[in-house]
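Asker: sequence unavailable; structure follows:
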């Protein structure tokens, strides 16, 4: 992997040196879609996720997130590369580069991944994880989250564009993870990781076969994501 580099970006009257992650893999998915479980799989393959958000009864192994990186996601899609956001992005990259080896970053506002794609010039790996919209929504409500900054459709539709623009990326569903299908290992090996499926525990599942009513667009998008998953698992 390339060594950490810097590039200059002019913001107003101030010139900022943008840091570049040394070796980064991003896990991106809508909340309650299996992102933390996906991080556990990558952790079993040696990826290190710096985190300051501990476990709770919903994620017993932790959230694999940096609170300041999570806050930055919101600001990046609202304000883009302002001076303060550029400084915050550098802080995230500094933290990632300090772990040594391959570092991991979890993103739940999926469009924010394009800012990391920009600073790595496409030299990054990504795992996109999605879940049936009825179960994802029901799980969020169970958690007490009635609304998210982006809808399930908006957020998961961004997976398609991100997957198209990040060559070393795969798409996996929460349902496939829960079933521990052998194709999971095949998909992860495509981007260089040998994961241990034993970290997947069916007791982690919080919602299944919800009868919540969906829109036609949500159903259509879910089918499209399943098609992308099939290609990732070939």
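Answerer: In hand now; what should we look at? Nothing here was measured: the structure is a model prediction, and the numbers come from that model.
Asker: residue 19 and residue 117: what is the separation?
Answerer: 15 Å (C-beta to C-beta, to the nearest Å). C-betas here are computed from N, CA, C, even on glycine.
Asker: what do you get for residue 75?
Answerer: Residue 75 sits 17 Å away from residue 117 when distances are taken as C-beta to C-beta.
Asker: same deal with residue 132?
Answerer: Distance from residue 132 to residue 117, by C-beta to C-beta: 27 Å.
Asker: between the two, which has more neighbouring residues?
Answerer: residue 132 (24 against 19; other C-beta atoms under 10 Å).
Asker: bridging residues for the residue nearest the centre of the chain?
Answerer: In the chain, the centroid-proximal residue (C-alpha atoms, centre = their mean) is residue 28; its distance is 1.5 Å. In this structure, residue 28 has beta-bridge partners residue 107, residue 128, where bridges are defined by DSSP bridges.
Asker: correct me if wrong: it contacts residue 159.
Answerer: Yes - taking C-beta atoms under 8 Å as the contact criterion, residue 28 and residue 159 are neighbours in contact, 7.2 Å apart.
Asker: any common contacting residues for the two?
Answerer: Counting by C-beta atoms under 8 Å, 6 or more residues apart in numbering, the shared contacts of residue 28 and residue 159 are 110, 128.
Asker: which helices and strands sit right next to the helix ranked longest in the chain?
Answerer: Counting residues, the longest helix found in the chain (DSSP state H) is helix 216-232. Judged by 3 or more C-beta pairs under 8 Å, 6 or more residues apart in numbering; DSSP states H and E, helix 216-232 is in contact with helix 133-143, helix 152-165, strand 169-173.
Asker: ok, and the closest non-adjacent residue to residue 45?
Answerer: By the measure of C-beta to C-beta, 6 or more residues apart in numbering, the closest residue to residue 45 outside its immediate chain neighbours is residue 193, 4.0 Å from it.
Asker: wait, residue 54
Answerer: residue 62 (5.8 Å).
Asker: likewise residue 186?
Answerer: Ranked by C-beta to C-beta, 6+ apart and with sequence neighbours excluded, the top spatial neighbour of residue 186 is residue 233, at 5.8 Å.
Asker: for the one you found, give its distance to residue 208.
Answerer: On the measure of C-beta to C-beta, residue 233 and residue 208 end up 21 Å apart.
Asker: so which of those two has more stuff around it?
Answerer: Neighbours were counted for residue 233 and for residue 208 using other C-beta under 10 Å; residue 233 has more, 20 against 12.
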